[in-house]
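Trainee: give me a 3D structure for the following:
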Amino acid sequence: MKVLITGSNGQVARELQLALAGKAEVLALGREQLDLNDPELIRQRVRAESPDLLINAAAYTAVDQAENEPAAAFAINATASGVLAEEAATLGVPLFHYSTDYVFDGSKVGAYSETDATNPLGVYGQSKLAGEQAIQAVGGQHLILRTSWVYSRVGRNFLLTMQRLLQERDELRVVDDQIGAPTWAGSIAQATVQLLDRWQAGNRHWGVYHLTNQGETSWFGFASAIAEQLEAEGKACARLQPIPSSEYPTPARRPLNSRLDGRKLAKDWQLSLPDWRSALAECLRQPR
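Mentor: Below is the predicted model of the structure:
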């Protein structure tokens, strides 16, 4: 089986390459090999490679920067996603695509299901929702996997930022009124491989699914768990102070509630991810 992965240098794509090693012929393409701003180039490359499965792990993820670069965000997150869906449909192969909790406005009480109304608060969420809609409009075989608060041991993410700032400062103020599930890129990759296996075994439940580590916490709670790990290693660690979002203004508004209900994934694909704390512990055991 030949699997084409876009965004090869991203957190999820890196973990996918590790998880798929020995299971499939993996062709991972980064920006240098595949410019997702060029739809014709996307078409030519996908047709030339003729994969058995397309996994779109590429995304424009600069949430605040997107407010000033809507065209760039939509080009990658919406237009390119739609072109990949069209090419997958032409080849008759599935497209696995990652989306985000930011398609919701966070006003719901409780966890969001896949059928809840979307209402993104900013350009990033709007562009990711447009990508979902473009894929659905093609009507091919697809899985749209919404996830949240992704981190790993590489790249730019909350885990690595907190590990650095906690050791550099005496005190750190962290938002405590945004609730969601920190999700390790390794958990996403392992779940994706299981989805691949079950697709090969005959499962054809295509559509939108929520895929996050289990449990919930705030950004403050996530930072506290990271601090516990540093203290356990005997490292210096800043005092943490919880603050409301109103005391940490950003160009793009974030949903206060990012809880995603994963029961549909468990029902249709018999797949549940581990609790976020155990996933964090497993991530921290991995070599950098």
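
Trainee: show me what the one helix or strand Ala88 maps to is packed up against.
Mentor: For Ala88, the element it lies in under DSSP states H and E is helix 80-91. Using 3 or more C-beta pairs under 8 Å, 6 or more residues apart in numbering; DSSP states H and E, the elements in contact with helix 80-91 are helix 39-49, strand 53-56, strand 95-100, helix 123-138. Bear in mind the C-beta positions are built from the backbone N, C-alpha and C, glycine included.

Trainee: what mean pLDDT does the longest one get?
Mentor: Helix 123-138 shows a mean pLDDT of 98 in the predicted model.

Trainee: ok, the one residue sitting closest to the centre of the chain - contacts?
Mentor: When C-alpha atoms, centre = their mean is applied to the chain, the residue found nearest the centroid is Thr147 (4.8 Å). By C-beta atoms under 8 Å, 6 or more residues apart in numbering, the residues touching Thr147 are Tyr98, Ser99, Thr100, Asp101, Thr183, Ile188, His210, Leu211, Thr212, Leu260.

Trainee: ok, Thr183 next?
Mentor: Thr147, Ser148, Trp149, Val150, Tyr151, Leu211, Thr212, Asn213, Leu273, Trp276, Ala279.

Trainee: and with 7 Å instead?
Mentor: Thr147, Ser148, Trp149, Val150, Thr212, Asn213, Trp276 (C-beta atoms under 7 Å, 6 or more residues apart in numbering).

Trainee: which stretches of the protein aren't confidently modelled?
Mentor: Residue ranges of the chain with pLDDT under 70: 288.

Trainee: how about the helices in it?
Mentor: With DSSP state H as the criterion, the chain has helices at 11-20, 39-49, 70-74, 80-91, 123-138, 158-168, 185-200, 219-232, 263-269, 276-285.

Trainee: show me what counts as buried in the fourth one.
Mentor: Of the residues in helix 80-91, those buried under the neighbour-count criterion (16 or more other C-beta atoms under 10 Å) are Ala80, Ser81, Gly82, Val83, Leu84, Ala85, Glu86, Glu87, Ala88, Ala89, Leu91.

Trainee: closest one of those to Leu18?
Mentor: Leu84 (22.4 Å; C-beta to C-beta).

Trainee: ok, that closest one touching Ile42?
Mentor: Yes. Look at Leu84 against Ile42 with C-beta atoms under 7 Å: they come within range, at 6.5 Å.

Trainee: let me see the contact set for the closest residue to Gly131 other than its chain neighbours.
Mentor: Nearest residue to Gly131, sequence neighbours excluded (C-beta to C-beta, 6 or more residues apart in numbering): Ser81, at 3.7 Å. Each residue near Ser81 by C-beta under 7 Å, 6+ apart is listed here: Asn56, His97, Gly131, Ala134, Ile135.

Trainee: what sits against the closest residue to Thr212 other than its chain neighbours?
Mentor: Closest residue in space to Thr212, ignoring its immediate chain neighbours: Ala181 at 4.1 Å, by C-beta to C-beta, 6+ apart. Neighbour list for Ala181: Ser148, Trp149, Thr212, Asn213, Gly215, Glu216, Leu260, Trp276 [criterion: C-beta under 7 Å, 6+ apart].

Trainee: what about the second one, how many neighbours?
Mentor: Using other C-beta atoms under 10 Å, Trp149 is surrounded by 22 other residues.

Trainee: what does the last one give?
Mentor: One way to gauge burial is a neighbour count; for Trp276, by other C-beta under 10 Å, it gives 25.

Trainee: just to check, it is in contact with Pro182?
Mentor: Yes. Using C-beta under 7 Å, Trp276 is in contact with Pro182, at 4.8 Å.

Trainee: which neighbours do those two share?
Mentor: Residues touching both Trp276 and Pro182 by C-beta under 7 Å, 6+ apart: Asn213, Thr217.

Trainee: and stretch 51-65, what's buried?
Mentor: 51-63.
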